[in-house]
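Chemist: Everything below, folded, please.
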Amino acid sequence: MRVLVTGGAGYIGSHTILELMAQGHDVCVLDNYSNASPEVLTRVRALSNGTIADFKGDIRDAKTLDDIMATFRPEAVIHFAGLKAVGESQEKPLHYYDVNVSGTLTLLHAMGRVGCRRIVFSSSATVYGEPDYLPCDEAHPTRPMSVYGRSKLMVEDILKDWAAAHPAASAVILRYFNPVGAHASTRIGEDPQDIPNNLMPYIAQVAVGKRDKLTIFGDDYDTADGTGLRDYIHVVDLARAHVAALDYAARKAGARPFNIGTGQSYSVKDMVAAFSRACGKDIPTVIAGRRSGDIAAIHADATRAKDELGWTASHTLDDMTASTWAWQSANPNGYDD
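Modeler: Down below sits the predicted model:
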């Protein structure tokens, strides 16, 4: 299948491209490199020994999208391109709605002009907000607590309406939990452009000496050790979920959300201990007050993904931390190395 991957030079996108190419799909990438490096695609090409068409441009640029559609003629789109920092979204709400929501609308219009009716959308478990029950299944109420989460939910609703209006259309919505880890080659991994917003890359930067210590925000939650519990998933498992979703989109019409997680949760202190095992050194930490918007615990019920996509996560927590350390220690400055 010819697959356009928006935001394909990013952390999850780059791993997904490798899995797509391993399955024989033709790939075209659109990325503006606001949070990625062109070096990523150089490494992916070397790892896959294949060709990747790529365009530099913004998801909101209709002309660029039309040029891609006319040149590549995609049969499906995997849509990663967007902004993802919860804190920043509260400070720049209009920017987040413009990129995440308006960008998706521009993409759907461009797809429509060439008759492309399949899309796999990178959503997030943040659409659930504070959970009423655990584990969260797809029927759980959606009450996002941030502009970022609301922008993701808006796109989900748009895709549901779009699919309802076009009986042959398919929109597979992947609500993923907390992607971590890196490719076994150590050639691609997570490389935040600024101070990491997520736990694992921050721990990795502390371990490699780029940062002094990890700040743990809150140790008074109603959990076993007082720190927040999250469902972490290896990025390669997540990439394979996108390939399974693409196969699903080829045979099923309509819009359908799927949780992509392991069904297990680990605390912040669990993650620090696991990373210490992986790197063989202690990770300095300091306790601070809770952050606004953080919740005590969440993890996935991924039964639907298993039953309908034929997908389950296979990597363990130690796989996640070991691969992250292997990537970070081999590339202490990320793609700048």
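Chemist: Quick check: D212 touching V286?
Modeler: No. Using Cβ atoms under 8 Å, D212 and V286 do not qualify as a contacting pair, with a distance of 9.2 Å. The C-beta positions use only the backbone N, C-alpha and C, and glycine is treated the same way.
Chemist: ok, then the element right after the helix or strand of the chain with the lowest mean pLDDT?
Modeler: Taking mean pLDDT, DSSP states H and E as the measure, the chain has helix 86-91 as its least confident helix or strand, at a mean of 92. Reading on from helix 86-91 to the C-terminus, the next helix or strand found by DSSP states H and E is helix 93-96.
Chemist: How far off centre is the helix or strand just after that following helix?
Modeler: Going down the chain from helix 93-96, the next helix or strand is helix 103-113, by DSSP H and E. With Cα atoms, centre = their mean, to the nearest Å as the basis, helix 103-113 stands 21 Å off its chain's centre.
Chemist: elements contacting helix 103-113?
Modeler: Helices and strands in packing contact with helix 103-113 are listed as helix 62-72, strand 76-79, strand 118-124, helix 147-165; criterion 3 or more Cβ pairs under 8 Å, 6 or more residues apart in numbering; DSSP states H and E.
Chemist: go again using 10 Å as the cut-off
Modeler: Using 3 or more Cβ pairs under 10 Å, 6 or more residues apart in numbering; DSSP states H and E as the contact criterion, the neighbours of helix 103-113 among helices and strands are strand 2-6, helix 62-72, strand 76-79, strand 118-124, helix 147-165.
Chemist: Quick one: the ones you listed as TSV, columns for distance to P192, mean neighbour count and mean pLDDT too.
Modeler: Putting those into TSV (distance: least, Cβ to Cβ, whole Å; neighbours: other Cβ atoms under 10 Å; pLDDT from 0 to 100) gives the following:
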stretch	distance to P192	mean neighbour count	mean pLDDT
strand 2-6	20	25	98
helix 62-72	26	16	97
strand 76-79	21	26	98
strand 118-124	17	25	98
helix 147-165	16	19	98
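Chemist: So for R43, which of the ones you listed sits nearest?
Modeler: Nearest of those to R43, taken as Cβ to Cβ: strand 2-6 at 15.5 Å.
Chemist: Can you give the strand pairings for the closest one, parallel or anti for each?
Modeler: Strand 2-6 has its sheet partners listed here by DSSP bridges as strand 26-31 (parallel), strand 76-79 (parallel).
Chemist: if we can go back for a sec, pull out the buried positions in the least confident helix or strand of the chain.
Modeler: The neighbour-count check on helix 86-91 (16 or more other Cβ atoms under 10 Å) flags V86, E88, S89 as buried.
Chemist: now could you export just the CA positions of it as CSV?
Modeler: These are the backbone C-alpha positions of helix 86-91, laid out as CSV (Å, rounded to 0.1, in the frame of the first residue of the first chain):
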residue,chain,number,x,y,z
VAL,A,86,0.4,19.4,27.8
GLY,A,87,1.9,22.4,29.6
GLU,A,88,2.6,24.4,26.4
SER,A,89,-0.9,23.7,25.2
GLN,A,90,-2.3,25.6,28.2
GLU,A,91,-0.1,28.6,27.4
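Chemist: Can you name every helix or strand that it contacts?
Modeler: Here helix 86-91 is seen to pack against helix 93-96, helix 147-165 when contacts are counted using 3+ Cβ pairs under 10 Å, 6+ apart.
Chemist: Could you export the helices and strands packed on helix 103-113 as a markdown table, including distance to D318?
Modeler: Formatted as a markdown table, the helices and strands packed on helix 103-113 follow (distance: least, Cβ to Cβ, whole Å):
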| stretch | distance to D318 |
| --- | --- |
| strand 2-6 | 30 |
| helix 62-72 | 40 |
| strand 76-79 | 29 |
| strand 118-124 | 25 |
| helix 147-165 | 30 |
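Chemist: re the thing from before, from the buried residues of helix 86-91, which is closest to A253?
Modeler: S89 (32.0 Å).
Chemist: can I assume the closest one is in contact with N100?
Modeler: Yes. Here S89 reaches N100: they are 8.8 Å apart, a contact under Cβ atoms under 10 Å.
Chemist: Common neighbours of these two, please.
Modeler: Residues touching both S89 and N100 comprise L83, V147, Y148, R150, S151, with contact defined as Cβ atoms under 10 Å, 6 or more residues apart in numbering.
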